[in-house]
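*Asks:* pasted the sequence and its predicted model underneath.
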Amino acid sequence: MKPQLSYPDLVKAFTRFRDAEPEPKGELVHDSAFTLLVAVVLSAQATDRGVNKATEPLFAAARTPEAMLALGEEGIAEHIKSIGLFRNKAKNVSKLSRILVEEYGGEVPSSRAALVALPGVGRKTANVVLNSWFKMPAQAVDTHIFRVGNRTGIAIGKDVIAVERAIEDHVPAEFQLHAHHWLILHGRYTCTARNPKCGACVLGDLCCNEGKTA
DNA sequence: ATCCCGAGGG
DNA sequence: CCCTCTGGAT
């Protein structure tokens, strides 16, 4: 198992991330907890571009749980056919909207337990909503963060929960809020799954992998 | 461990 | 062609 980076190295690493991308922009800014929740549910095993392409027509047709419910599972599916797993996602968004209307007065709940109880919402999606919308210190570990954390030594863990805990335990407090965003961007554009661009990586010598591309 | 499942990249 | 993409439910 690779070495977990030390506290001083993590300070350096996240300082470099912050200098490269100070403000969390470049991501879609959602105007409601509901559109954020739906977008994240749709993002499973899909690229951000694919999600944007699907949410554009979907949110043009419905931006609230009530409107989504009226649109119906088939109507939802029609708008999101361009992304993978679209049948499951349409079903989940439809059922999830019904629960929000019937049990939460059309609002998105702010507890992890309530979020995870919604169809199509797992721990990762719940954590994104908690962190990104409710500004709570929850670390959503997706495929990017799991890979980047383990490859670089920023957050070592054999499974998603372990990496989540590693981030909470090791990433300096002042970087916790935006750690998710920076790690995502790093994984998406530099520390990619197949051909990581180690030559253009701001971590450089800090990375425990040191450009070995594995 | 398996299924879901389309688009884009290499 | 094969792999990967901000996973979740069974």
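*Replies:* Yep, that arrived.

*Asks:* distance of the residue sitting furthest away from the middle of chain A from DNA strand C?
*Replies:* What lies farthest from the middle of chain A is A:A70; by Cα atoms, centre = their mean that is 27.7 Å. When distance is defined by Cβ to the nearest atom of the strand, to the nearest Å, A:A70 is 23 Å away from DNA strand C. Bear in mind the C-beta positions are built from the backbone N, C-alpha and C, glycine included.

*Asks:* can you tell me the helix or strand for that residue?
*Replies:* Secondary-structure assignment from DSSP states H and E places A:A70 in helix A:65-80.

*Asks:* ok, is that helix in contact with DNA strand B or not?
*Replies:* No. Using Cβ under 7 Å from any atom of the strand, helix A:65-80 stays clear of DNA strand B, with a minimum separation of 8.7 Å.

*Asks:* show me what the next helix or strand after that helix is packed against.
*Replies:* Counting by DSSP H and E, the element after helix A:65-80 in chain order, helix or strand, is helix A:86-104. Applying 3 or more Cβ pairs under 8 Å, 6 or more residues apart in numbering; DSSP states H and E, we find helix A:86-104 packed against helix A:33-42, helix A:65-80.

*Asks:* between these, which gets nearest to A:L203?
*Replies:* Ranking those by proximity to A:L203 (Cβ to Cβ) places helix A:33-42 first, at 26.9 Å.

*Asks:* residues making contact with that closest one?
*Replies:* Contacts of helix A:33-42 from elsewhere in the structure, counted by Cβ atoms under 8 Å, 6 or more residues apart in numbering, are A:28, A:30, A:51, A:54-55, A:58-59, A:63-65, A:68, A:80, A:83, A:89, A:92-93, A:96, A:100, A:107-108, A:115, A:120-121, A:125, A:128-129, A:132-134.
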